[in-house]
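Enquirer: Attaching a predicted model along with its sequence, questions to come.
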Number of protein chains: 2
Amino acid sequence: MVKVKGNQELVRQINQSLILDAIRRYGAISRAEIARVTGLTTGTLSNLTAGLIASGLVKEVGLGTSSGGRRPTMLQLEASARHTLGISLAIDYVTCLLLDLTAQPVIRRSAPLGDDKSPGTCADLIADLAREVLAAAGMKAEELLGVAVAIPGTVNAEEGLVIYSPNLKWHNVLFGPMLEDRLGVRPLLENDANAAVFGEYWCGATKDSSYSVFIFADYGIGSGFVINGEVYRGRDRAAGEFGHMTIDVHGLQCHCGNRGCLGMMASGKAIVRRVREAMDAGTPIPALAGRASGEVRLQDVLQAAREGDPTCLRIIREAGEYLGVGIANLINLYNPASLVLGGMLALEAPGYWEAAAESASQRLYPVFQNQVHLLLSTLGPDVPAIGAGSLVISQLFRPLRVQ
Amino acid sequence: MVKVKGNQELVRQINQSLILDAIRRYGAISRAEIARVTGLTTGTLSNLTAGLIASGLVKEVGLGTSSGGRRPTMLQLEASARHTLGISLAIDYVTCLLLDLTAQPVIRRSAPLGDDKSPGTCADLIADLAREVLAAAGMKAEELLGVAVAIPGTVNAEEGLVIYSPNLKWHNVLFGPMLEDRLGVRPLLENDANAAVFGEYWCGATKDSSYSVFIFADYGIGSGFVINGEVYRGRDRAAGEFGHMTIDVHGLQCHCGNRGCLGMMASGKAIVRRVREAMDAGTPIPALAGRASGEVRLQDVLQAAREGDPTCLRIIREAGEYLGVGIANLINLYNPASLVLGGMLALEAPGYWEAAAESASQRLYPVFQNQVHLLLSTLGPDVPAIGAGSLVISQLFRPLRVQ
DNA sequence: ATACTATGCTTAGACATTAAACGAAGGGTT
DNA sequence: AACCCTTCGTTTAATGTCTAAGCATAGTAT
């Protein structure tokens, strides 16, 4: 934790962020109204807004309605004043978004990732996509407010280091500098679930809910936390190993060495395994007829379930019920205001999140009953990229933390 | 989250806290050294330390050794400049401590709580103890920096409200005002595990470890979290329901409505239940011979275990192993720097915390292996009271949080 | 038309940090 | 012992920010 000393610069930064944040929240707001909600004087508002307008971040957008006196001059964010690249490196594809100041995507490019998932190849692909996006926007990298990349693994943002990514099979890769060489700007790295939870907090389902959790239910299971409006990363930036939470002490052996991990019961991987087991045991699954069980993939199971196959539906529902156990544990510990479900399972597996919600609510500690909002991701599959970009944008709207 | 606007008063507060905190950390330190560690100029230090000395919080304690020039004037906290009452309302006793500025206990009084645990009786008992302590110190309540009470339940500090305490059987009790009527000052209420974790963070086992967890293993099981040097309370101030974490989806039914809660397997209550079951099943426990199984209490089991009874030792060890499962889950989610075990089981049940440590380390996600320090409480049974007092004291040493 | 109210700018004053100068007090070298 | 250098802590002027108050502007209400 960096300790910040107080001086006039800090004061100005704090108040400027306070004003920018108020403008962002209210959409269009007058100086007088900002003064009321922030507690600043109108004099300070005249002074600071002049600076914000000069820097192009804010614009005057005509007069509002009078409330018995002079009509107020309304202020608004100039969305196109700054841009950010939000990039998501997922297991099998890369997405690159150009976001404006309001975190709205302006341009989007996506590309599949082949079997070669080496850092160099990934960096090249990301750089190509980024250049394509910038070219389409007629911008140069130097004009960007910043670049951020969401990565499926633990990262050390300060050093641009990917500590460990099981899915990419990376260990201690200095990915930040590799991208810097190619892009000319230093990107911010963030874990994908952390980026996702911040995205939903900044401009998605849990907007402005200071205590929120994102659960990433996909082939694997991950989680991210926002506490007090900031991503919670833990001491070694490895918080959120939700997939390896034990919910069944006597359960199945997991590759992590433990037994009964949530991921063994509730993940896409678990669903595929159970469907294969069912097929091997002779359960008829017409939608998958003629396929070798070893070739069945998660997408196939989801498709079969969408077509109404009862076995697939049952297995998905049971996986969702296990997830609900984990969710209840999470809520009992964190007591968040809201919880967002994202990832392929939550968004595309029929009955999955409904089963999770029901099972969680049955298992919650009574105090929390009906207190926690369980929501679906509103930003969808692009949430890690949007979240990554939002992390950069948010720095404009938040002062440095004191102490 | 209160948003704080910036002005000179804030700047002064921040820097004064920064200086006080440096003095606290270093024990004795010169103005020049403080300037170096805080980044402030020596001019500011002369100015602000003059104020701190005038207010009595800081004193000059002679000259330090020269490092090649003029000898520095060393500054130290004046421990007796301010005092705090830290009070712990536990299930069967009340403790009241007078703490000085360094959170050292100066005077201690404790009294048992009878069967009548009504709010009025508890408030009377606390007020009596507090008056006794103040009389012994020759102080008046108004001279105190503050009073804080640790309570076994969820509390709303702002309103002085005890939302729910299962052990005391309180629901929505306005305990703060009740104490205010009796003491003449408004006390700060805090959950006992939260107070405990803060105590260990402020002046105990996890001193200055910004990410720390306290596990309260006693008749029940609770937990508290410090994140970024602040108690984490969650949205409804109910975070930390560690005892109701499901670790066995198919496990025993708990009174909370769920199955396989940690508390059903790892708590003092669970140990007593299992010992009784063993006795009923005919297992000989010589140390408890002649007792009706229904009359056996936790203290008896601990005593029997200390005398070497193998059944009691085994049951305690197994309970510890279950706790370890929960601890591993906790670490996987929070990734804390350190974790403190407190409560009667951790401190007095032979083999309990060792079993927990071993089982946790076996089940941890590989990334965390050997990364987390598992510690025993150094403040012992008084940790909730010390922590409560520390919460008040700490306000002097920490600026308001910005945003 | 007049009184009143709200908005937003300007100005003087208060106040905290900063940079620089300076005195105080010690060490080291010759 | 004299001299130079270093460190410590205070003082002073400059800088920059907020605040309070005054005021011009521009509406509404009667």
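Expert: It's in.

Enquirer: Provide the strand pairings for the helix or strand bottoming out on mean pLDDT in chain A, with the direction of each partner.
Expert: For chain A, using mean pLDDT, DSSP states H and E, the weakest element among its helices and strands is strand A:373-376, scoring a mean of 91. Paired strands of strand A:373-376, with direction, are strand A:338-342 (parallel) (DSSP bridges).

Enquirer: I'd like the next helix or strand past the partner strand.
Expert: The helix or strand immediately downstream of strand A:338-342 is helix A:343-348, counting by DSSP states H and E.

Enquirer: which phi and psi does whichever residue of chain A sits closest to DNA strand C have?
Expert: With CB to the nearest atom of the strand as the measure, A:G69 is the residue of chain A nearest to DNA strand C, at 1.9 Å. In this view, the C-beta of every residue, glycine as well, is placed from N, C-alpha and C. Main-chain torsions, A:G69, degrees, to the nearest 10: phi -160, psi -150.

Enquirer: List the contacts of it.
Expert: By CB atoms under 8 Å, 6 or more residues apart in numbering or on different chains, the contact set of A:G69 is empty.

Enquirer: again, only using 10 Å
Expert: Listed by CB atoms under 10 Å, 6 or more residues apart in numbering or on different chains, the contact set of A:G69 reads A:A32.

Enquirer: what about A:R273, how many neighbours?
Expert: By the criterion of other CB atoms under 10 Å in any protein chain shown, A:R273 has 17 neighbours.

Enquirer: To clarify, my last question referred to A:R25.
Expert: Residues near A:R25, counting by other CB under 10 Å: 12.

Enquirer: Report the mean per-residue pLDDT for stretch A:176-196.
Expert: Across stretch A:176-196, the average pLDDT comes to 97.

Enquirer: Oh, that last question was meant for stretch A:356-363, not what I typed.
Expert: The model assigns stretch A:356-363 a mean pLDDT of 94.

Enquirer: List the residues that contact the spatially most central residue of chain A.
Expert: Among the residues of chain A, the one closest to the centroid is A:A196, at 0.7 Å (CA atoms, centre = their mean). By CB under 10 Å, 6+ apart, A:A196 lies in contact with A:88, A:150, A:190, A:204, A:214-216, A:222-224, A:340, A:342-343, A:377, A:379, A:382-388.

Enquirer: how about 7 Å then?
Expert: Counting by CB atoms under 7 Å, 6 or more residues apart in numbering or on different chains, A:A196 makes contact with A:F214, A:F216, A:G224, A:G342, A:V383, A:P384, A:G387.

Enquirer: Can you classify the last one by secondary structure?
Expert: Meaning A:G387. helix (DSSP: H, G, I helix; E, B strand; the rest coil).

Enquirer: contacting residues for it?
Expert: A:A150, A:A195, A:A196, A:F198, A:G199.

Enquirer: And the helices in chain A, which stretches?
Expert: A:8-26, A:31-38, A:42-54, A:119-137, A:175-183, A:192-203, A:262-266, A:268-280, A:298-306, A:310-334, A:343-348, A:352-363, A:383-397 (DSSP state H).

Enquirer: can the longest one be found next to chain B?
Expert: Yes - contact of helix A:310-334 with chain B is found when judged by CB under 7 Å from any CB of the partner chain, involving A:V325, A:A328, A:N329, A:N332, A:L333, A:Y334.

Enquirer: ranking the residues you listed by neighbours, who comes first?
Expert: A:N329 (32 neighbours).

Enquirer: And the closest residue to that one other than its chain neighbours, how far from B:T65?
Expert: Leaving aside its sequence neighbours, A:N329 sits nearest to B:M245 (CB to CB, 6 or more residues apart in numbering or on different chains; 4.8 Å). Applying CB to CB, to the nearest Å, the value for B:M245 to B:T65 is 53 Å.
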